[in-house]
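Undergrad: quick one: sequence plus predicted model below, questions after.
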Amino acid sequence: MSITAENITWKVGKKVIVNDVSLNISRGETVGLLGPNGCGKSSLLRILAGLRRPDTGSVTLEGQNIARMAKKQFARRVAFVEQHGMTDANMRVRDVVKLGRIPHHSPFSNWSTHDDEAVTAALQTVNMLEKSDQGWLSLSGGERQRVQIARALAQTPTEILLDEPTNHLDIHHQMQLMHLIGQLPLTSLVAIHDLNHASMFCDSLIVMQQGKIVATGTPQDILSEDLLWDVFRVKTKIETSRYHGKKHIYFLV
Ligand SMILES: Nc1ncnc2c1ncn2[C@@H]1O[C@H](COP(=O)(O)OP(=O)(O)OP(=O)(O)O)[C@@H](O)[C@H]1O
């Protein structure tokens, strides 16, 4: 298993935010993390990214407990793209993406052509190479989002955690990004609100409600009208799309 969590619980005061969560994500899988606002998706991602310590339970990467991994070793493996922008400084786009190479350097190592190649490839992947010299503050919300993803890719991680990465993106870039995430030769866990995109682009899904996991499995197996009513309180009609063969959800009023 690439990422395993066992019985993770995280509380703030007496409020249980992540409640006894266990999960197993196989290497190379693209997993969608679904659930209503406030159900604990970001909190769980932050725990898996090593930014929060759970009160109980453990997270392991290929069997290694992350609490016992050196920070740098962890950062070389796991990239995290959070929901909100990462800097107020007016850095050039290329310099923002270069930050992704930090875990690969010691105080004495020099910047190499390999680093340059990783940065260029990451910018190319998100279609931002031609804006390399533009200032961060001059970018649109969607462009910033893509640069943040480039920074994560420049890290050349084996696991990538993304918190609503298609937020701010127009439909073209949403589709392009979800397709890209699905194609990356990495283990990806992506919090996402668009259920049709989750169905189209994810190998499997984890559905949360009030801090707990209430369903896991392939989109084909678990997306059902009953589940979406129970979790999101929406009426739906679900059919297998004759265009892409995946489940397609129609929302009814
Ligand atoms: N540091 C904190 N202190 C207090 N409450 C917190 C803290 N972090 C998260 N919460 C609460 O935990 C709950 C889960 O929040 P979280 O951001 O994980 O949800 P989410 O599923 O990512 O939501 P959304 O879909 O709206 O982004 C929310 O009620 C939130 O207010």
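TA: Yep, that arrived. Since we're looking at a predicted model, the values are computed, not measured. Residues are numbered from 1 along each chain as shown.
Undergrad: for the spatially most central residue of the chain, helix, strand, or coil?
TA: Centroid-nearest residue in the chain, with Cα atoms, centre = their mean: Leu162, separated by 1.7 Å. On the three-state scheme (DSSP: H, G, I helix; E, B strand; the rest coil), Leu162 is labelled strand.
Undergrad: give the contact list for it.
TA: 80-81, 149, 152, 181, 188-191 (Cβ atoms under 8 Å, 6 or more residues apart in numbering). Where C-beta positions appear, they are placed from N, C-alpha and C, glycine not excepted.
Undergrad: do the same with Met200
TA: Counting by Cβ under 8 Å, 6+ apart, Met200 makes contact with 178, 244, 246.
Undergrad: again, only this time at 7 Å
TA: Residues counted as contacts of Met200 (Cβ atoms under 7 Å, 6 or more residues apart in numbering) are 244, 246.
Undergrad: just use 884 as the starting number from now, easier for me
TA: Sounds good: first residue 884 from here, last item Met1083.
Undergrad: in which helix or strand would I find it?
TA: helix 1078-1084 (DSSP states H and E).
Undergrad: any low-confidence regions in the protein?
TA: Counting by pLDDT under 70, the chain has low-confidence residues at 968-970.
Undergrad: which positions in it make contact with the ligand?
TA: Within reach of the ligand by Cβ under 6 Å from any ligand atom, the chain has these residues: 895, 900, 918, 920-926.
Undergrad: isn't Ile1105 up against Ala1098?
TA: Yes - Ile1105 is in contact with Ala1098 according to Cβ atoms under 7 Å; the separation is 4.8 Å.
Undergrad: who touches both of these two?
TA: Val1090.
Undergrad: residues in contact with stretch 950-963?
TA: Outside stretch 950-963, the residues that reach it (Cβ under 7 Å, 6+ apart) are 932-933, 941, 944, 949, 986-987, 1035, 1038, 1040-1044.
Undergrad: the same query, at a cut-off of 6 Å, please.
TA: If you take Cβ atoms under 6 Å, 6 or more residues apart in numbering as the criterion, stretch 950-963 is touched by 932-933, 986, 1035, 1038, 1040-1044.
Undergrad: how about that stretch: buried residues?
TA: Under the neighbour-count criterion of 16 or more other Cβ atoms under 10 Å, stretch 950-963 has 952, 957-963 buried.
Undergrad: for that stretch, measure first residue to last.
TA: 17 Å (Cα to Cα, to the nearest Å).
Undergrad: what of stretch 931-942?
TA: Distance across stretch 931-942, first residue to last, is 7 Å (Cα to Cα).
Undergrad: of the buried residues of stretch 950-963, which is the nearest to Ile1121?
TA: Nearest to Ile1121 among the buried residues of stretch 950-963: Phe963, at 31.7 Å, using Cβ to Cβ.
Undergrad: nothing else from me, thank you.
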